[in-house]
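In: Okay, here's the prediction I keep looking at, along with the sequence it came from:
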Amino acid sequence: MVCEMAESAREREGDESGGSDEYEYVTLTSAEVLEKLEEAWQNERFAPELLEHKTEVVDCVLEQIKEMEENLSHVGRGDFVAGIHRLELDRVQYVLRSYLRTRLEKIERHVLHVLEQEADGSSSSRLSPEELVFAKEYADNMEAHLQSLVLQHMPSNLQKLDHSKAVSRPNMDSYVFVRAVERTEQVNVDPHSADNVGY
Amino acid sequence: MEPAEVEFLAEKEQITIVPNFSENKLYLISGEFGPFNPSMQTRVPLWLAINLRQRQKCHIVPPDWLNVDYLTEKKSEEAAESFFTAMPSPNYMEVSSLVLNNAAEDVPKADEVRTLVKDIWDLRQAKLKKGVDQMISQQETFAKLDNLTLMEMNCIRPFLTAALDHLHLLHNHATSYTSSQAD
Amino acid sequence: MTRTVNILDLGARCLGEKALELVRELKRSQDGNLPPYNEDGIRQVVEEMRALFEQNQLEVRATTDGERGLLSGIQLRHACLERNQRCLLAYVHHRMTRIRDYRWQTGSVLPPSFRLSLCEQEIQWFTHYNRSLATYMRSIAPTGLDLTQHLQPPKSLLVEVRCLEDYGEFEMEDGTVVLLHKNTQHYLPRSQCEPLIRQGVLEHIH
């Protein structure tokens, strides 16, 4: 099974330092797509903030799941080989759903911050279109809730939420484990970089 | 990450099995495996190996480090070094647990092997705790943790990151307090 | 004419104590059930805030009229007002997250026992959240993707069992058929043989 994906030259060379953002279509094997999903999943699990959504990887994986399930539906349920395929499918389903779930949790936890970031057009969008809809609904639901139960009963000067103070934001100074991928001569150890230091 | 998730990742590692059945090549999403012939060794991911072993469709060939000789030497090495030594597998703990729990008969001197693995784990945990203590008491901003496995990292991660985050918070408050005092 | 509200009218209780009590009540219940919505407690905090606010309004007016020495009182009350607001928001917000967790752990239907702990607005919040989540899950894949499934990594939990009697054919969930003859041994998925173990047909080995 193969999958076509748009990938920027930047991504392919692992160079995040900028440069042109040209995209070209690359063909990946199913194993490579799965690797990408697992990588995205791990990164999302460990990062305190919401990362960029890997929509294309998700779509590719969904395609593969669909294809596999279709193939399996033609095979008898007791088939030995089919059983093995199902075991693997379970694993893929888990990673995919955990990835999307983790993102939803982060969106909910820092919804106002996430929406602020999206509205600020300076950085690229991190939410998928569907996540954006969900985020807005969550924010509206939450604000209406706080309004009806608390804010409308407050004295007049305390009826609005001061976003600069009240918004929950991911802890970007949170410590993370980092693995050096390449040997470098020297790493400038700033309280906010290098091994096991602030993000 | 939950330990179950760390183990899940570890199950991708490949291991050698000796099947007792015949089957053509398997075209899984994660790759091609097989063909399978009785008494012919082949490599498959751990999750598949364990499942097949549980159904008694194969025997597992223990990895070349999962034996008394290798582990005895490893244990001495670990005890002698103050840093973490390189482990034969980044998932040594999960691999040994899974193999020993599901295919003990395939591992010579399984009990001894089990004890040795645990001893090595304990030695490394002790080093880790000592390192964490030092990091906190001396307020170091970073620590070199070469050769630490994900499972080991995971055990300490919640505590360590929470403790360091707190320290960082206190540090920030202290510096902003002193600088406002200076005004 | 506005009545001067004496802070002592609120009783000898410490300012902000009731608000803190609300937060503490939630913290205590972290591992257990969600306590019922404390409408009474909220009302008391709101009343305290109203009294503080009125007093402040009086004193601010007095200050602009020239009276002195009132500023620290005004600041103290304002700090207390902000703190109370924060506690109330934290209380409601935290309950909201607990109700959200409930959706993920249990399901989209609120059982009566849980419903009793929620106020009307909280039930409404849950309904909206449910709907929003359902919309999202439907939209991410052609046939929808239920994210509340597959919450744990898959584990093949097979157990070794011995058959104690001639049971005959047993069809598994995946369609394979196992012949359960007396004294035969099998490796079967734990969840599927539990009933048979309970019935005494199978026996768990070691």
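Out: That came through fine. Numbering: from 1, shown residues only, chains lettered A, B, ... in the order given.
In: Quick one: mean pLDDT over stretch A:98-111.
Out: For stretch A:98-111, mean pLDDT rounds to 96.
In: same deal with stretch A:139-152?
Out: For stretch A:139-152, mean pLDDT is 95.
In: Distance from that stretch to the middle of the chain?
Out: 27 Å (C-alpha atoms, centre = their mean, to the nearest Å).
In: If you count neighbours, what's buried in it?
Out: Within stretch A:139-152, the residues that count as buried by 16 or more other C-beta atoms under 10 Å in any protein chain shown are A:139, A:141-142, A:145-151. To be clear about C-beta, it is placed using only N, CA and C from the backbone, and glycine gets the same treatment.
In: And stretch C:95-112, by the same measure?
Out: Across stretch C:95-112, burial judged by 16+ other C-beta under 10 Å covers C:95-96, C:98-100, C:102-103, C:110.
In: Just want the most central residue of chain C.
Out: For chain C, C:Arg98 is the residue whose C-alpha lies nearest the centre (C-alpha atoms, centre = their mean; 1.8 Å).
In: Tell me the predicted confidence for the nearest residue to that one once chain neighbours are set aside.
Out: Leaving out its chain neighbours, the residue that sits closest to C:Arg98 by C-beta to C-beta, 6 or more residues apart in numbering or on different chains is C:Leu34, at 5.3 Å. Per-residue pLDDT puts C:Leu34 at 92.
In: same question, C:Arg50
Out: pLDDT recorded at C:Arg50 is 94.
In: got the contact list for the residue nearest to it when sequence neighbours are not counted?
Out: Closest residue to C:Arg50 apart from its sequence neighbours, by C-beta to C-beta, 6+ apart: A:Pro155 at 6.5 Å. Residues near A:Pro155 by C-beta atoms under 8 Å, 6 or more residues apart in numbering or on different chains: C:49-50, C:53, C:81.
In: What of A:Ser124?
Out: A:Ser124 sits next to A:Glu52 when contact means C-beta under 8 Å, 6+ apart.
In: secondary structure class for it?
Out: Here A:Ser124 is coil, with the state taken from DSSP: H, G, I helix; E, B strand; the rest coil.
In: Count the neighbours of the residue in chain B that chain C sits nearest to for me.
Out: Nearest residue of chain B to chain C, counting by C-beta to the nearest C-beta: B:Phe8, 3.7 Å away. B:Phe8 has 22 neighbouring residues, counting by other C-beta atoms under 10 Å in any protein chain shown.
In: again, but for A:Leu158
Out: The local packing of A:Leu158 (other C-beta under 10 Å) involves 20 other residues.
In: thinking again about what came up before, take the contacts of A:Pro155 and lay them out in a markdown table including neighbour count, distance to B:Asn67 and secondary structure.
Out: Below are the contacts of A:Pro155 laid out as a markdown table (neighbours: other C-beta atoms under 10 Å in any protein chain shown; distance: C-beta to C-beta, whole Å; DSSP: H, G, I helix; E, B strand; the rest coil):
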| residue | neighbour count | distance to B:Asn67 | secondary structure |
| --- | --- | --- | --- |
| C:Met49 | 24 | 71 | helix |
| C:Arg50 | 15 | 76 | helix |
| C:Phe53 | 19 | 76 | helix |
| C:Leu81 | 22 | 70 | helix |
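In: State the pair within these that is farthest apart.
Out: Within these, C:Arg50 and C:Leu81 form the most distant pair, 9.8 Å apart (C-beta to C-beta).
In: show me the residues around A:Leu146 that make contact.
Out: Neighbours of A:Leu146 in contact, by C-beta under 8 Å, 6+ apart: A:161, C:89, C:92-93.
In: ok so the residue nearest to the centre of chain C is a strand residue?
Out: No. Counting by three-state DSSP, C:Arg98 falls outside a strand, being helix.
In: Just want the residue of chain C that's nearest chain B.
Out: For chain C, C-beta to the nearest C-beta, closest residue to chain B: C:Pro153, 3.7 Å.
In: buried ones in the longest helix along chain B?
Out: Using DSSP state H to define each element, chain B has its longest helix at helix B:150-182. Buried residues in helix B:150-182, counted by 16+ other C-beta under 10 Å: B:150-157, B:160-161, B:164-165, B:167-168.
In: avg pLDDT for that helix?
Out: Average pLDDT, helix B:150-182: 74.
In: Report all helices and strands that it contacts.
Out: helix B:3-10, helix B:92-102, helix B:110-137 (3 or more C-beta pairs under 8 Å, 6 or more residues apart in numbering or on different chains; DSSP states H and E).
In: what does chain B have sitting close to chain A?
Out: Chain B comes close to chain A at residues B:1, B:5, B:8-9, B:21, B:23, B:26, B:28-31, B:47-48, B:51, B:141-145, B:153, B:157, B:160-161, B:164-165, B:168, B:172, as judged by C-beta under 8 Å from any C-beta of the partner chain.
In: Of the contacts of A:Leu146, which pair is most distant in space?
Out: Greatest spacing in these, by C-beta to C-beta: A:Leu161 and C:Val92 (12.1 Å).
In: out of the two, which sits in the busier spot?
Out: Applying other C-beta under 10 Å to A:Leu161 and C:Val92 shows that C:Val92 carries more neighbours, namely 24 against 17.
In: Am I right that the more buried one is in contact with A:Glu143?
Out: No. Using C-beta atoms under 8 Å, C:Val92 is not in contact with A:Glu143; the gap is 11.6 Å.
In: Tell me the residues that contact both of these two, please.
Out: By C-beta under 8 Å, 6+ apart, C:Val92 and A:Glu143 have no common neighbours.
In: Walk me through which strands the longest strand along chain B pairs with, and which way each runs.
Out: In chain B, with assignment by DSSP state E, the single longest strand is strand B:14-19. Counting by DSSP bridges, the strands paired with strand B:14-19 are strand B:42-45 (antiparallel), strand B:58-61 (antiparallel).
In: For the last one, give me every contacting residue.
Out: For strand B:58-61, contacts defined as C-beta under 8 Å, 6+ apart pick out B:15-21, B:41, B:49, B:52-53, B:99, B:102-103, B:106.
In: related to what we said a few turns ago, phi first, then psi, for the residue nearest to C:Arg50.
Out: Note on A:Pro155: backbone dihedrals following degrees, to the nearest 10 are phi -60, psi 160.
In: correct me, but the residue nearest to the centre of chain C touches C:Gly32?
Out: No. Using C-beta under 8 Å, C:Arg98 makes no contact with C:Gly32, being 10.9 Å away.
In: got a list of what the residue nearest the centre of chain B touches?
Out: In chain B, the residue lying closest to the centroid (C-alpha atoms, centre = their mean) is B:Asn91, at 3.1 Å. B:Asn91 makes contacts with B:9-10, B:13, B:149-151, as judged by C-beta under 8 Å, 6+ apart.
In: Tell me the one among those residues nearest to B:Lys130.
Out: B:Thr149 (17.3 Å).
In: thought the closest one was touching B:Thr85?
Out: No. Using C-beta under 8 Å, B:Thr149 is not in contact with B:Thr85, being 11.4 Å away.
In: out of those two, which sits in the busier spot?
Out: B:Thr149 (20 against 17).
In: residues from chain C in reach of chain B?
Out: C:152-156, C:158, C:187.
In: Now restrict those residues to buried residues only.
Out: C:153-154, C:156, C:158, C:187.
In: Can you read off the pLDDT for the residue of chain B closest to chain C?
Out: Per-residue confidence for B:Phe8 comes out at a pLDDT of 94.
In: Show the contacting residues for it.
Out: Here B:Phe8 is in contact with A:91, A:94, C:153-154 (criterion: C-beta under 8 Å, 6+ apart).
In: can you rerun that using 6 Å?
Out: Applying C-beta atoms under 6 Å, 6 or more residues apart in numbering or on different chains, we find B:Phe8 in contact with C:Pro153.
In: And the helices in the chain?
Out: I went with chain A, as the question did not name one. Counting by DSSP H, chain A has helices at residues A:9-13, A:30-46, A:55-73, A:80-109, A:111-119, A:129-149, A:163-166.
In: The intended chain is chain C.
Out: With DSSP H, the ranges of helices along chain C come out as C:17-28, C:39-64, C:71-105, C:112-115, C:120-139, C:190-199.
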